[in-house]
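In: With the input below, show me the fold.
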Amino acid sequence: MLVGVEYPELAARTGRFRFGAPHAVTVGDDGARVAFLRSAGPYDPAAALWVLTVATGAVTRIADGPIDSYAGSADLSVLAWATAGQLACAGRGPCTAAEPVLAPRPDPTGQSIGYTTPDDTLRVIGPDGDDQLLAGEPGSGVRWGVAEPTAADFGRRRGWWWSPDGSRILAVRSATTVSLHLLDLHGGWVDVHWDRETYPYLVDVRWTTGNALLTVLRRSQQHGLVLSVDPRTGETQVHAELADARWVEPVPGTPLLLPDGRVLVGGELAHDGFDARCLFADGSLLTPPELYVRRVVGLIADTQEVLVEATEGEPAEQHVFAVRTALGGNGAKLRRLTTEPGWHHAHLGGDVMVIDDTIRRGAATVPLPDDAHPLPYRPRPLLTRVTDRRLPAGVLYPAAHVSGTRLPVLLDLGAGPGHQQVVTDARSWQDRQWWADAGFVVVSVDSRGTPGVAPSFEKVVYRRLADVALTDQVDALHALTGKHPDLDLSRVAIRGTGLGGWLAALAVQRRPDVFRCGVAIDPVTDWANLSPAFAERYLGNRADNPEIYDHHALAAPGGAPLLISPTGDLSEEREFVIRECA
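Out: Numbers count the residues shown, from 1 in each chain. Modelled structure (predicted):
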């Protein structure tokens, strides 16, 4: 087992302790097969592609690694992937591409395979193996089927989608603006029509049954529409409106077309004392206000319930729930499917669920094969809520800590606001335990601006992120000393990455009375250099609010000592923090 100094460099940086564990899990729509990536063991980084047959539990190795990603037909009878630009597939005949391949994807029926190329064209290999250019303008700067840079700010990584019957493709065309087009495999196409000038952001596209569903937002992100696309004409119909005075935060996995024709969308309940992130079907509330919905996994075939990942009360935990969608009727509206405290995930296909690493069909369970190395540490963070804002906080001591021994503090921000750090997941505390065993009490605080508690908690930072987030971190440190007197607040270091790096740098500049030193890994240094979609979500339009951007800018070097690291070198970080703060 790797421990000590060797652990972070050799393990944390390479994902060493995930080698041999299943990931990228996909369940076929009929529940017959489960596909996943997994290396051969704890010392093998090259992930191979496997398929498990649910009825028998038999596991078949489809292809050797390294395979980074794959896609399958609806029932997973056909699988496709790319290695070093070369197309490979299983379950079908001709599989030769005319161009270097990126992100191949079989159509739901398994007859054709679509892919994009390095020169941003979209091509399709038909049932007989012919490879045709479906859309492309090489050398023009126009990109077809590729997610535009702004898409990543909304969590969208795809730029094209198959129709359920495999006869058409819905593709993004991005140049100076983003548009969407329905492409027929025989060469015809129609434009998808919506007011792109008013709603320039294409947030999500889902086409699993019926008509395709789109989510689009205004540039301010304070108003959006859920649209249904007529595949014959490209005309769109409004199914729902999304609005928020700060910014709209769509629930991942929505919109979703329900069997009765209603459209499921995520939204917020903010009246009559409620402050909840919920699901609605054509305006009807489906989830109870005490449930904070994080993601919709899909529709359970045999019960017509929606499977969701959500938080119920304790923001440090994520559980899996089944939500009833039927109108009227008796019985529970909500079933919790996970019981142990933790951070649970789910995948779904037909009537088969994969929850964490266990396949469930009815009362029967089958484990996914796992040959990962055991985690090196067994951290026991002490979780609590502090201040009148009930900020989630976690405190982690060295394994050999003796009560009554005061220790320097490392305030670990992780990726910063917008990214939850205080979670019941041993894997997320491994690096922090390594820091603790180097002689620190490691503290993490989910300041306002972090998801998981309530919409108002998350969005109160609008146009004042710097002041709110920094105030919360400082107040939480002082509040924790009541229960944790061994925290020596005269020796506090702060550390973060990306947006967390920005906040760490801001902390040592503005509050050197609290923070003796800081480490900023690949920090955001200028909000004006970020994409408008990301920056304006928090700060508004720069043209309208230049003073807000100025207030969130880092000053010239000054204040407490600060180490800025472009990529993060844990040995360098530890040496700096021990020298300056311990």
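
In: Against Glu235, how distant is Arg18?
Out: When distance is defined by Cβ to Cβ, to the nearest Å, Arg18 is 46 Å away from Glu235. From N, CA and C alone the C-beta is placed, and that goes for glycine too.

In: Of these two, which one has the most company?
Out: Legend: neighbour count by other Cβ atoms under 10 Å for Arg18 and Glu235, higher for Arg18 (19 against 15).

In: Find the nearest non-adjacent residue to that one, please.
Out: Nearest non-adjacent residue to Arg18, counting by Cβ to Cβ, 6 or more residues apart in numbering: Ala372, 6.1 Å away.

In: Leu242 too?
Out: Distances taken as Cβ to Cβ, 6+ apart place Gly224 nearest to Leu242, at 4.0 Å, with adjacent residues excluded.

In: Which helix or which strand is home to the residue nearest to Arg18?
Out: For Ala372, there is no helix or strand it lies in under DSSP states H and E.

In: List the contacts of Glu309.
Out: 293-295, 297, 318-321, 344-346 (Cβ atoms under 8 Å, 6 or more residues apart in numbering).

In: could you dump those residues to TSV with pLDDT, neighbour count and distance to Gly114?
Out: Formatted as TSV, the contacts of Glu309 follow (pLDDT from 0 to 100; neighbours: other Cβ atoms under 10 Å; distance: Cβ to Cβ, whole Å):
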residue	pLDDT	neighbour count	distance to Gly114
Val293	97	24	32
Arg294	97	19	30
Arg295	97	17	26
Val297	98	23	25
Gln318	98	24	33
His319	98	24	36
Val320	98	21	32
Phe321	97	25	34
His344	98	19	33
His345	97	16	28
Ala346	98	24	27
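
In: In strands, which of those appear?
Out: Judged by DSSP state E, strands contain the following of those: 293-295, 297, 319-321, 346.

In: Save those as TSV, and put in distance to Gly439 too.
Out: Shown next, in TSV, are these (distance: Cβ to Cβ, whole Å):
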residue	distance to Gly439
Val293	41
Arg294	36
Arg295	38
Val297	42
His319	35
Val320	38
Phe321	41
Ala346	39
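
In: Between the residues you listed, which sits nearest Glu137?
Out: When the ones in strands among the contacts of Glu309 are compared for distance to Glu137 (Cβ to Cβ), Arg295 wins out at 35.5 Å.

In: Surely that closest one is in contact with Pro252?
Out: Yes. Using Cβ atoms under 8 Å, Arg295 makes contact with Pro252 at a distance of 4.5 Å.

In: Looking at the ones in strands among the contacts of Glu309, spot the one nearest Asp44.
Out: Closest approach to Asp44 among those (Cβ to Cβ): Ala346, at 26.9 Å.

In: Pull up the gap between Trp161 and Gly114, please.
Out: Distance of Trp161 to Gly114, given as Cβ to Cβ: 10 Å.

In: Overlap of the contact sets of these two?
Out: In contact with both Trp161 and Gly114: Ile169, using Cβ under 8 Å, 6+ apart.

In: Give me the more crowded residue out of the two.
Out: Using other Cβ under 10 Å as the criterion, Trp161 and Gly114 rank with Gly114 on top: 25 against 20.

In: so what's the more buried one scoring on pLDDT?
Out: On pLDDT, Gly114 comes in at 97.

In: dump the residue contacts of Thr83.
Out: 66-67.

In: Next one: it from Pro381, what distance?
Out: 40 Å.

In: ok, now Leu183?
Out: Going from Leu183 to Pro381 by Cβ to Cβ gives 51 Å.

In: Which residue is most remote from the mean position of the protein?
Out: Gly404 (40.1 Å; Cα atoms, centre = their mean).

In: Help me confirm that that one comes into contact with Tyr397.
Out: No. Using Cβ under 8 Å, Gly404 is not in contact with Tyr397, being 12.0 Å away.

In: Quickly list what's touching both of these two.
Out: Asp486.

In: Run through who's touching the helix or strand hosting Thr365.
Out: According to DSSP H and E, Thr365 maps onto strand 364-367. Residues from elsewhere that reach strand 364-367 (Cβ under 8 Å, 6+ apart): 52, 54, 57, 357-359.

In: From the chain's centroid, how far away is that strand?
Out: In terms of Cα atoms, centre = their mean, to the nearest Å, the centre of strand 364-367 is set 27 Å apart from its chain centre.

In: same check, this time on stretch 368-375
Out: Chain-centre distance of stretch 368-375: 23 Å, with Cα atoms, centre = their mean.

In: Alpha carbons of that stretch, as PDB, please.
Out: Output of stretch 368-375 as PDB, limited to C-alpha atoms (Å, rounded to 0.1, in the frame of the first residue of the first chain):
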ATOM      1  CA  LEU A 368     -19.900  -5.000 -10.600                       C
ATOM      2  CA  PRO A 369     -16.400  -6.600 -10.600                       C
ATOM      3  CA  ASP A 370     -14.000  -4.400  -8.700                       C
ATOM      4  CA  ASP A 371     -10.300  -5.000  -8.300                       C
ATOM      5  CA  ALA A 372      -9.200  -1.600  -7.100                       C
ATOM      6  CA  HIS A 373      -6.500  -1.100  -4.500                       C
ATOM      7  CA  PRO A 374      -7.900  -0.200  -1.000                       C
ATOM      8  CA  LEU A 375      -7.800   3.500  -0.200                       C
END
